[in-house]
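1. sharing a sequence plus its predicted fold:
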Amino acid sequence: MQAGPSFLSTFIYYFSTTAIVLTIVVSRATGLQIATGIPQQIGALGGALAGLVGVYFNRSVAIVLSFSEKKKFLAELETLLTTMGYQLQAEGDEVRVYARSGINKWLSGRVFVKFEGQEATIASRAMHIRQIEPQIQANRVHDRADELKRSRKNLE
């Protein structure tokens, strides 16, 4: 599920925008003519750096997580997304879309969740997936530990 810009398109966007702006700013601030090529070199270097930072934080990433109980998984996911400031925006047969409210809605992107059988594909910006995935995994470890404790008590 592709829910946003890929690695390449994100890099090109940040690189080109920053390179152009930085080239103009350096040329104006230093008095160097664009014909010298120095402002473009500085712009290209700044653009490459901005492109890498943009890709790290803002490219779209999707993860696939399996679950045994859809309702329990969905409750955990919605609790996590609520703590991150997301609310359910739209719901289809298999896809749910979460977004932040207010001005954050325009600045942070959306989270897409697609259910297929016993798996959920979660797609969003890389920085959000990096927050979501460890929390879900931690909940799984905690649930598994509780399950083992209960089965151990039943054996005693």
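-> Right, received. Where do you want to start?
2. which residues does the residue most central in space within the chain bridge with?
-> Geometric centre of the chain, nearest residue: Arg125, 2.0 Å, by C-alpha atoms, centre = their mean. Beta-bridge partners recorded for Arg125 (DSSP bridges): Ser60.
3. identify the residues contacting it.
-> Applying C-beta atoms under 8 Å, 6 or more residues apart in numbering to Arg125 gives the contacts Gly4, Phe57, Asn58, Arg59, Ser60, Val61, Ser108, Gly109. Every C-beta, even on glycine, is put in place using the N, C-alpha and C of the backbone.
4. next one, pLDDT for it please.
-> On the pLDDT scale, Arg125 is placed at 89.
5. again, but for Thr30
-> On the pLDDT scale, Thr30 is placed at 92.
6. the closest residue to it other than its chain neighbours in helix, strand or coil?
-> Leaving out its chain neighbours, the residue that sits closest to Thr30 by C-beta to C-beta, 6 or more residues apart in numbering is Pro39, at 7.5 Å. Here Pro39 is helix, with the state taken from DSSP: H, G, I helix; E, B strand; the rest coil.
7. verify the stated contact: Pro39 with Val26.
-> Yes - using C-beta atoms under 8 Å, Pro39 is in contact with Val26, at 4.3 Å.
8. fine, thanks again, bye for now.
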